[in-house]
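Engineer: I would like the atomic coordinates for the input below:
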Amino acid sequence: MQRTTVSFLYNLEGMVDGLSVIDFPGIDDGDKGTLLSRQLLCISQLIVFVIDYKRWETDASFKWIQFFKNLGVPILICLSHADKLYASTCIGEDGTEICSKDHAKRIIQQELEKVKEKLMPLPNWQMGYYSFCQDKDSSLNCDQGRQALSDVGILSCNDVGAWIEKELREYLKEEGIAERLKFFLASESRKRESSSMSVENLQEDIIQAQVNDEDKIEGWHQIPFKACEAILLLRDASFGFRTSFHNLLAELHIPTDLKQSLKDQARYDGHDYEFATEKAIDWWMANIGKSWEPFFNIIKKCEPETARKIEMKLKD
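Structural biologist: Numbers count the residues shown, from 1 in each chain. Okay, the predicted model is just below:
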């Protein structure tokens, strides 16, 4: 079945121990699998219903809303593609905003209240406008554009994850699963942040630091760095985050209690232990080392070939 809405949700399957995700694409279109969908939804403990913000008034949508009301479980209704609503009401043809953020926020809230009056969500439901992705050529398809959407109350995948974590704790009393989900969401968020960086930009920063501080620093080895920058370089050099994780913790001299906590986090992280590794490097920088040279000595002990690749990259 084609998955067209929230890819983030599908990635949860198998990544967060104890959390299962069932996908029902197109149920609001009246697919042939409606009967099976109803049977499976009856045993679901949390439901995220994603529907185009323009299609909530269809007969199929109203039928599903009524069906959900009979289930009694917490439901999140995501009125998706809301970036188009924002663009059509708050952005001019030249791509500039035609009203203030406060005015745009009021417009979005007023539209949402109209929908709520018609759908009459239950007290344990949550409803909002969401934008999970933007058209490639949209002026909103950038960090600044997504921030503008957030500023006027249009939500994102992060908010879906926060709602699931909240309901796991408060409604289902599943603290363990909620905590694992929390680690996974934090990991994904940090990866998105670091993915906006590039090795080339980091090289430029290092060169600039040498120029600005050449009286104090002899070569790039002595330049301070951030943990996210180290992760970027390790990833670019194909460092074995999973295979070398335990050796790296030992070489970083992580305290026993923190080491156990990081190992727990690593088990929750389905993408090669990067988030836990970054936390370990953060601790090392705050307590032991602050520059590239001692860090490279550690990497050389864990993976000599990776250290060589990084060093060559930074010297280029």
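
Engineer: switch to C-alpha atoms for all contacts and neighbour counts from now on
Structural biologist: Will do.

Engineer: secondary structure element for Cys78?
Structural biologist: strand 75-80 (DSSP states H and E).

Engineer: in the stretch 51-200 of the chain, which spans are helices?
Structural biologist: 59-71, 82-90, 101-119, 143-151, 157-170, 175-195, 199-212 (DSSP state H, counting those that start in this stretch).

Engineer: Return the distance of Ile43 relative to Pro294.
Structural biologist: Ile43 is 54 Å from Pro294, where distance means C-alpha to C-alpha, to the nearest Å.

Engineer: Tell me who's in contact with Ile154.
Structural biologist: 82-83, 108, 128-131 (C-alpha atoms under 8 Å, 6 or more residues apart in numbering).

Engineer: likewise Ile254?
Structural biologist: For Ile254, the contacting residues are 280, 283-284, by C-alpha under 8 Å, 6+ apart.

Engineer: Out of these, grab the one that's most surrounded.
Structural biologist: Ala280 (21 neighbours; other C-alpha atoms under 10 Å).

Engineer: Please compute how far the helix or strand where it lies lies from its chain's middle.
Structural biologist: Assigned by DSSP H and E, Ala280 falls within helix 274-287. Counting by C-alpha atoms, centre = their mean, to the nearest Å, helix 274-287 is centred 20 Å from the centre of its parent chain.

Engineer: just checking, what packs against the very next helix or strand once past it?
Structural biologist: For helix 274-287, the succeeding helix or strand toward the C-terminus, using DSSP H and E, is helix 292-302. Helix 292-302 is packed against helix 245-251, helix 304-315, with contacts defined by 3 or more C-alpha pairs under 8 Å, 6 or more residues apart in numbering; DSSP states H and E.

Engineer: Helix 292-302 - what's its average pLDDT?
Structural biologist: Throughout helix 292-302, pLDDT has a mean value of 88.

Engineer: Report the inter-axis angle for it versus helix 274-287.
Structural biologist: 130 degrees (axes from the mean of the first three to the mean of the last three C-alpha atoms, to 10 degrees).

Engineer: Buried residues of helix 292-302, list them for me.
Structural biologist: Across helix 292-302, burial judged by 16 or more other C-alpha atoms under 10 Å covers 292-293, 295-296, 298-299, 302.

Engineer: One more: stretch 156-173?
Structural biologist: For stretch 156-173, a neighbour-count test (16+ other C-alpha under 10 Å) marks 156-157, 160-161, 163-168 as buried.

Engineer: now swap in stretch 17-24 and tell me
Structural biologist: 17, 24.

Engineer: can you give me the mean pLDDT across that stretch?
Structural biologist: 80.

Engineer: Dump stretch 55-72 to CSV, keeping only the CA atoms.
Structural biologist: Coordinates of each C-alpha in stretch 55-72 appear next as CSV, following Å, rounded to 0.1, in the frame of the first residue of the first chain:
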residue,chain,number,x,y,z
ARG,A,55,-11.5,17.3,2.5
TRP,A,56,-12.8,17.2,6.1
GLU,A,57,-16.4,17.9,4.9
THR,A,58,-16.7,14.7,2.8
ASP,A,59,-19.3,12.1,3.7
ALA,A,60,-16.5,9.5,4.2
SER,A,61,-14.7,11.8,6.7
PHE,A,62,-17.9,12.4,8.7
LYS,A,63,-18.6,8.6,8.8
TRP,A,64,-15.1,7.9,10.1
ILE,A,65,-15.4,10.7,12.7
GLN,A,66,-18.6,9.1,14.0
PHE,A,67,-17.0,5.7,14.1
PHE,A,68,-14.1,7.1,16.1
LYS,A,69,-16.4,8.6,18.6
ASN,A,70,-17.8,5.2,19.4
LEU,A,71,-14.3,3.8,20.1
GLY,A,72,-13.6,6.1,23.0
